[in-house]
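1. Got a sequence here, can you build the structure:
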Amino acid sequence: MFDIVSAEAIREGTATDAYFDRTVAALRHADRDPHVVAEVTADQFPDGEFELFTGVENAAELLSGLPVDVDAIPEGTLFDGGPVMRIEGTYTDFARYETSLLGFLSHASGVATSALEARRAAPDSSLLSFGARHVHPAIATMIERSALVGGFDGFSHVAAGEHLDREASGTMPHALVICFGPGEQEAAWTAFDEASPEGTPRIALCDTYTDETDESLRAAETIDLDGVRLDTTGSRRGDFRHIVREVRWKLDDAGYDDVEVFCSGGLGPDELRELRDVADGFGVGGFVSNADPIDFALDIVEVAGERGAKRGKLPGPKAVYRTADGEHLVLPADDDAPEDAESLLEPLVRDGEVVADFDVDAAAERAARDAERVGFATGTE
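-> Below is the predicted model of the structure:
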């Protein structure tokens, strides 16, 4: 019914590029199927431009049941070069899965990197992911999970919440207010209040027909309000910081100092930095959901025990280390480990069995620690 590749197709290896099918056919025709080591990398050498690694849980599920061994850096780790994953096994056993594997890792890591950048821009604010409407619904769960790994507090997508066992967050759209019509904002806010379950934050959208200060005060007078959300379109926004400060001032002046102010609508790190001291939280959409995927590649680096790689790639299996000062080192895997350095590649799959655990909160905590250690997005501090 929809343009969606099924989970069965991914699992069976048909969600692949055609040349992998032809490669497998050619190798079998030639009775040649070597044992190889392959590595997933974005950059060969560390370059100081860190990105956040995620999508590992889906990658592990993809490779489970195959006769391969896989090592990977843990989910939530920041990397700037060298392998993030290493696969060892007979080539045709995993060749067809390269397309899906790279897709799982590339897209999720790009989204999580942008989410972490937003989090670093507003480290003490509440952040919700509002971007599912900008992507194909089939990947909404990936978007929301990646936002959580990047440090977001929640998200808006209901089905993703069911999959991740998290309750979706949200207030009301302009459509609710418009269905009641001009001058009937109070009726819309009252309906929202009366229909919402206990425990749902009463956050009123306050910029539909009149200015933000007027609607915010009227909403606070109408229902027991937890907060107001300002989602003013760019064409009417003007100086958004001034608008937010004015709303805060007038709410405080009227005795509603406990009513919080949330902002949404086309916000990115620059806007978060500008508003983080005058707003309590933000809904961030396209900056996170529309993030460019990380340009990962999978390359064979050893064939039948012999080091080898295509021109421009580094032959031989490698190890990746994090030094005490946050630097990354990439060395041949059989070299001695540097003193006071942490090895980042850890077992993920052994002979087809997933041996790692996955926890979104633990990954988010790791990302936050790593961001401090490596100075990620320091311009947002």
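2. what are the ranges of the strands in the stretch 1-150 of the chain?
-> Ranges of strands in the stretch 1-150 of the chain, per DSSP state E, counting those that start in this stretch, are 35-41, 51-52, 69-72, 78-79, 83-90, 126-129.
3. Deepest-packed of those strands, please.
-> With neighbours defined as mean count of other C-beta atoms under 10 Å, the strands of the stretch 1-150 of the chain peak in mean count at strand 51-52, which reaches a mean of 26. In short, each C-beta sits where N, CA and C put it, glycine included.
4. Show me what that strand is packed against.
-> strand 78-79, helix 98-121 (3 or more C-beta pairs under 8 Å, 6 or more residues apart in numbering; DSSP states H and E).
5. can I get the ones you listed in a markdown table with distance to P201 and mean pLDDT?
-> Listed next are those as a markdown table, based on distance: least, C-beta to C-beta, whole Å; pLDDT from 0 to 100:
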| stretch | distance to P201 | mean pLDDT |
| --- | --- | --- |
| strand 78-79 | 32 | 96 |
| helix 98-121 | 21 | 98 |
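6. out of those, which comes closest to L66?
-> helix 98-121 (10.9 Å; C-beta to C-beta).
7. got a list of what T16 touches?
-> By C-beta atoms under 8 Å, 6 or more residues apart in numbering, the residues touching T16 are 96-100.
8. wait, I meant T210
-> Q185 are the contacts of T210 under C-beta under 8 Å, 6+ apart.
9. let's have the chain start at 45 instead
-> Noted, 45 is the first residue going forward, which turns the last one into T254.
10. what separates it from S260, distance-wise?
-> 10 Å (C-beta to C-beta, to the nearest Å).
11. just so I know, which of the helices and strands packed on strand 95-96 lies nearest D87?
-> strand 122-123 (8.6 Å).
12. which residue ranges form the strands in the stretch 245-394 of the chain?
-> 247-249, 271-274, 304-308, 325-328, 341-347, 350-351, 362-367, 372-376, 385-387, 390-394.
13. Let me have the ones you listed in JSON lines, extended by mean neighbour count, mean pLDDT and distance to E95.
-> Output for these, formatted as JSON lines (neighbours: other C-beta atoms under 10 Å; pLDDT from 0 to 100; distance: least, C-beta to C-beta, whole Å):
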{"stretch": "strand 247-249", "mean neighbour count": "24", "mean pLDDT": "97", "distance to E95": "33"}
{"stretch": "strand 271-274", "mean neighbour count": "25", "mean pLDDT": "97", "distance to E95": "31"}
{"stretch": "strand 304-308", "mean neighbour count": "22", "mean pLDDT": "97", "distance to E95": "26"}
{"stretch": "strand 325-328", "mean neighbour count": "25", "mean pLDDT": "97", "distance to E95": "18"}
{"stretch": "strand 341-347", "mean neighbour count": "18", "mean pLDDT": "98", "distance to E95": "14"}
{"stretch": "strand 350-351", "mean neighbour count": "11", "mean pLDDT": "96", "distance to E95": "27"}
{"stretch": "strand 362-367", "mean neighbour count": "20", "mean pLDDT": "93", "distance to E95": "14"}
{"stretch": "strand 372-376", "mean neighbour count": "17", "mean pLDDT": "93", "distance to E95": "12"}
{"stretch": "strand 385-387", "mean neighbour count": "14", "mean pLDDT": "92", "distance to E95": "18"}
{"stretch": "strand 390-394", "mean neighbour count": "18", "mean pLDDT": "98", "distance to E95": "18"}
